[in-house]
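Engineer: Sequence and predicted model, in that order:
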Amino acid sequence: MPQTVAAAANIVLFGVRPSLAGVTKQNRNSLLGIIASVAIGVLVILAGSDGSTKVGSLAVFALCGILSYVINWIVFVPSNAAKTEHFFDLTGSITYLTVTVVALALSDDVDTRAVIVAAMVIVWALRLGSFLFRRVRRDGRDGRFDRIKVDPLRFFMTWTLQGLWVLLTVACALAIITGSERESIGWVAIVGIVAWVAGFAIEVAADQQKSAFKQDPANEGRFITSGVWAWSRHPNYFGEITLWTGIAIMAIPVLSGWRWVTLISPVFVVVLLTRVSGIPLLERRAKKRWGDDEAFQAYTRNTPVLIPRPPRR
């Protein structure tokens with residue numbers, strides 16, 4: 001992910017205070033973020049469209065890439081009018097579902113690999129989207145958006161970044177589904193399937209365990225250290241990285257030409273979660289809240305940030 005987009009994402013997701021330059025600098029950063037997000041998306045669309053099934057003269061991969069932005073821009077309009085972030089995560093899931101179903105419906109000679117990958121994306125999107133939507137409805141707000149949603153240009157940039165996020169993460173899946181090259185399921189695909197199942201199971205377990213922990217009044221103001229959270233401080237992110245890597249592995253036997261660029265998918269997920277908006281943000285919040293707590297200090301010393309390891313006794 002280029003530094004311009006990373007910087008823009010930091011501004012959007014972390015709520016960095018603008019300097020004395022005020023609105024002008026913030027608007028400039030937002031515009032740069034929007035332009036960079038669309039430009040990167042166009043390059044990935046061009047690469048992924050190499051060898052893609054076509055509808056008329058338009059590659060199905062390109063159509064799906066365009067939809068990833070358009071859906072988010074459409075939902076931005078009422079969300080901006082209402083100054084609400086309630087439908088942000090839900091829209092992300094709907095975008096995943098839409099581009100996957102469109103790709104499956106419009107592609108020729110869809111094979112077992114394509115059907116399996118489409119099912120993986122659909123199951124993941126339905127599960128995570130409904131989980132995040134219920135969470136924001138329960139909590140009433142998402143703190144990341146407190147400053148963003150009152151600034152239309154900055155808010156629009158956030159929705160544009162989500163369009164890019166969907167496109168980049170689902171790129172390998174779209175390459176499989178829309179590609180003209182078909183291969184039977186071999187050992188490489190089986191390795192990918194196993195990785196996806198393992199990653200999905202870890203992500204689901206982590207989310208369910210943390211949700212149950214937070215709903216218990218006895219845990220008010222405490223941090224979770226049980227279950228898979230005893231093995232990793234961010235097991236849900238490890239699960240997500242693993243499952244998208246699994247899909248990328250499944251794509252390898254059917255990639256050729258410029259479509260190899262779609263392997264940016266797991267790389268993007270790793271960079272996003274470990275360098276931009278995921279782990280760095282949560283680690284700062286946790287340190288600010290429990291940094292002086294000896295139990296928390298022991299937890300961070302003994303528990304890896306991402307890759308799970310058996311708890312130290």
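Structural biologist: On my side now, so go ahead. All values reported here derive from a predicted model rather than from experimental measurement.

Engineer: which residues sit in contact with the nearest residue to P280 once chain neighbours are set aside?
Structural biologist: Of all residues not flanking P280 in the chain, T274 sits nearest, at 7.7 Å (C-beta to C-beta, 6 or more residues apart in numbering). Quick note: C-beta positions are derived from backbone N, CA and C, even for glycine. Taking C-beta atoms under 8 Å, 6 or more residues apart in numbering as the criterion, T274 is in contact with 237, 280, 306.

Engineer: Just the buried ones among those residues, please.
Structural biologist: 237, 306 (16 or more other C-beta atoms under 10 Å).

Engineer: Do you have the strands of the protein handy? List them.
Structural biologist: 54-55, 58-59 (DSSP state E).

Engineer: Any chance you could list what contacts the first one?
Structural biologist: So the one you mean is strand 54-55. Outside strand 54-55, the residues touching it (C-beta under 8 Å, 6+ apart) are 60, 63, 106.

Engineer: most centrally placed residue in this structure?
Structural biologist: Geometric centre of the chain, nearest residue: W165, 5.8 Å, by C-alpha atoms, centre = their mean.

Engineer: From T95, how far out is that one?
Structural biologist: Going from W165 to T95 by C-beta to C-beta, to the nearest Å gives 9 Å.

Engineer: ok, now Q26?
Structural biologist: Distance of Q26 to T95, computed by C-beta to C-beta: 26 Å.

Engineer: one step back: could I get the pLDDT score of the residue nearest to the centre of the chain?
Structural biologist: For W165, the pLDDT comes out at 92.

Engineer: Contact partners for it?
Structural biologist: Residues in contact with W165, defined by C-beta under 8 Å, 6+ apart, are 92, 268, 272.

Engineer: now those in TSV, with distance to W290 and neighbour count?
Structural biologist: Shown next, in TSV, are those (distance: C-beta to C-beta, whole Å; neighbours: other C-beta atoms under 10 Å):
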residue	distance to W290	neighbour count
G92	29	25
F268	30	22
L272	25	24
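
Engineer: which one of those residues is nearest L31?
Structural biologist: L272 (21.3 Å; C-beta to C-beta).

Engineer: quick one, phi psi at the closest residue to the closest one other than its chain neighbours?
Structural biologist: Nearest non-adjacent residue to L272, counting by C-beta to C-beta, 6+ apart: G278, 6.5 Å away. With angles defined as degrees, to the nearest 10, G278 sits at phi -90, psi -90.

Engineer: Could you double-check that G278 sits in contact with N236?
Structural biologist: No - between G278 and N236 there is no contact under C-beta atoms under 8 Å: 9.2 Å.

Engineer: mind checking how far V99 is from L67?
Structural biologist: Plainly put, V99 is 5 Å away from L67 if you go by C-beta to C-beta.

Engineer: These two: who's more crowded?
Structural biologist: Neighbours per residue (other C-beta atoms under 10 Å) separate V99 from L67, with V99 holding more: 27 against 18.

Engineer: Quick one: neighbours of S57, just the number.
Structural biologist: By other C-beta under 10 Å, neighbour count at S57 equals 5.

Engineer: Who are the contact partners of it?
Structural biologist: S57 makes no contacts at all, as judged by C-beta under 8 Å, 6+ apart.

Engineer: OK, contacts around Q297?
Structural biologist: By C-beta under 8 Å, 6+ apart, the contact list for Q297 reads G291.

Engineer: So it versus T303, what's the distance?
Structural biologist: With distances taken as C-beta to C-beta, Q297 is found 11 Å from T303.

Engineer: Let me know whether C64 touches A103 as I believe.
Structural biologist: Yes - the pair C64 and A103 qualifies as a contact (C-beta under 8 Å) at a distance of 5.1 Å.

Engineer: and P235, what does it touch?
Structural biologist: Applying C-beta under 8 Å, 6+ apart, we find P235 in contact with 202-203, 205-206, 228-229, 308.

Engineer: Just put these in a markdown table and tack on neighbour count and pLDDT.
Structural biologist: Converted to a markdown table, these look like this (neighbours: other C-beta atoms under 10 Å; pLDDT from 0 to 100):
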| residue | neighbour count | pLDDT |
| --- | --- | --- |
| I202 | 23 | 96 |
| E203 | 24 | 94 |
| A205 | 16 | 95 |
| A206 | 24 | 94 |
| V228 | 21 | 95 |
| W229 | 22 | 95 |
| P308 | 19 | 93 |
